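[1] need a 3D model of the following:
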Amino acid sequence: MNSTLPHLPRAGALLAINLLFLTIWGFAGVGKLIDGMPPWFGDKFGQTILAKFPGLAVTFWLLTSAEFAAFGLAAVALARGEFLRRTSPVFLTAMLVWSLFVFLQLSFGQWLTSEFNGTVQQFTYFTGTLFTLFFVNSNMPATRSASESQRSGEGVG
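    The predicted structure is shown next:
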C-alpha cells in the first residue's frame, strides 16, 4: 500500500489553508497597491489619532505593506510546496503569525472608529488564524540537530 496515502488529507488541508490566505492577502494587499488610498480612508480615520501619528498616508501604506508581506509569505510557502511535507511549513507558519499582527492592526482601526461589530469580526479572524497556526504545526515530527542524534546513537551506521 502507498505510504503517502494517510498524508493526503493533511496535505490537502495545508494546501487549502495556503490558498485561502494567499487569496485573502493577495486581494487585500495587491488591490491596495494598485488602487492606492481610497477617498473613504480619510473620512473614516481623519478624526482618529492615526491622522496625527503616523499620518493617514503612512498608516494606509503600513497596512498595505503588512498585507502584501503576508501575501508574499503565502506565495513562498506555496512555491516551496510546504503542504507536501517536502519541507517544514516555515513560511506558512511565518505567514500565519504575521497574519495575527495584521488582524490586530485591522482590529485596532475598527476599535478607533467605534465599529465594535467589526472588532468582533477581526477577533474571529484572529482566533481562526490562531487555530490554523496550531493545526499547521501539529502532527509534525520533532526535529533534532545532528549532534543530538549522534549523542543518542542515532545516525551512526
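
[2] could you find the closest non-adjacent residue to residue 113?
    Nearest residue to residue 113, sequence neighbours excluded (C-beta to C-beta, 6 or more residues apart in numbering): residue 44, at 5.8 Å. All C-beta spots, glycine's among them, are computed from the backbone N, C-alpha and C.

[3] tally of neighbours for residue 54?
    By other C-beta atoms under 10 Å, the residues close to residue 54 number 12.

[4] need phi/psi at it.
    phi -90, psi 0 (degrees, to the nearest 10).

[5] how far away is it from residue 60?
    10 Å (C-beta to C-beta, to the nearest Å).

[6] wait, the residue nearest to residue 113 sits on residue 112?
    No - applying C-beta atoms under 8 Å, one finds residue 44 not in contact with residue 112, separated by 9.2 Å.

[7] what sits closest to residue 74 if chain neighbours are left out?
    Residue 74's closest residue in space is residue 22 (C-beta to C-beta, 6+ apart), at 4.1 Å.

[8] tell me the SS of that neighbour?
    Three-state call for residue 22 (DSSP: H, G, I helix; E, B strand; the rest coil): helix.

[9] pull out the buried positions in stretch 119-130.
    Under the neighbour-count criterion of 16 or more other C-beta atoms under 10 Å, stretch 119-130 has 119, 122, 125-126, 129 buried.

[10] kindly report the same for stretch 41-49.
    By 16+ other C-beta under 10 Å, the buried positions in stretch 41-49 come out as 41, 44-45, 48.

[11] thinking again about what came up before, pull the contacting residues for the residue nearest to residue 74.
    71, 74-75, 78 (C-beta atoms under 8 Å, 6 or more residues apart in numbering).

[12] residue 68 too?
    Going by C-beta under 8 Å, 6+ apart, residue 68 touches 25, 29-30, 32-33.

[13] over to residue 9?
    Counted by C-beta under 8 Å, 6+ apart, residue 9 has zero contacts.
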